[in-house]
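A.B. asks: give me a model of this one.
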Amino acid sequence: MGRVNEGDLDWSETDRGGTRFRRKQLAEAADGEAIGCSLYELPAGAQSWPYHYRTANEEALYVLAGEATRRHGGETEEIAAGDYVAFAADESGAHRVVNEGDDPVRYLALSTMTEPDVTVYPDSETFGVFVGSPPGGRDERSLSGYHEIDDAVDYWEM
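C.D. replies: Model (predicted):
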């Protein structure tokens, strides 16, 4: 397809406790492959995906409307319409967006779509593995799952 208008797409909704948002997967709808892009709307009092970083995919966000707090590297800072923030594909790129205001926040989230990838969730000391399709990808995965970081198996006991 190559082209899509966000007004032609339906919102998908996620509501899991404090994690609450609406999303339109723009890149997927336009048959994008190497770059992912989604439009997010984060309501007042809500948070985006759990605090995380990726090991193979760089991410970024561009705030279209509203103000939010970006949790990043153990600190928080305000982000607002017009701000662009990049997140490296390593521990220094850990992030989460929180809307502590009274109005919704709209932003574009972009990422490279490299696989395999491992996503690390420092707060819960877990990680996710994605093989065959990157996080946010639409293809079937040959291997995926979420695991505790300390859930180690001795190499010779497998």
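A.B. asks: make sure Ala27 is indeed in a helix.
C.D. replies: Yes - Ala27 sits within a helix when classified using DSSP: H, G, I helix; E, B strand; the rest coil.
A.B. asks: check contacts around the residue nearest the centre of the chain.
C.D. replies: In the chain, the centroid-proximal residue (C-alpha atoms, centre = their mean) is Trp49; its distance is 6.0 Å. By C-beta atoms under 8 Å, 6 or more residues apart in numbering, Trp49 lies in contact with Thr19, Arg96. To be clear about C-beta, it is placed using only N, CA and C from the backbone, and glycine gets the same treatment.
A.B. asks: repeat that for Ala86.
C.D. replies: Counting by C-beta under 8 Å, 6+ apart, Ala86 has contacts Glu58, Glu59, Ala60, Gly93.
A.B. asks: with Phe87 instead?
C.D. replies: Going by C-beta under 8 Å, 6+ apart, the list of residues near Phe87 reads Tyr53, Arg54, Glu58, Glu59, Ala60, Leu61, His72, Gly93, Ala94, His95.
A.B. asks: do you know how far Arg20 is from Ala46?
C.D. replies: Noted for Arg20: a distance of 4 Å to Ala46, by C-beta to C-beta, to the nearest Å.
A.B. asks: coming back round to it: pLDDT score assigned to the residue nearest to the centre of the chain?
C.D. replies: Listed pLDDT for Trp49 reads 95.
A.B. asks: filter the contacts of Ala86 down to just the buried residues.
C.D. replies: Glu59, Gly93 (16 or more other C-beta atoms under 10 Å).
A.B. asks: pull the most distant pair out of the contacts of Ala86.
C.D. replies: The most widely separated members of the contacts of Ala86, counting by C-beta to C-beta, are Ala60 and Gly93 (9.7 Å).
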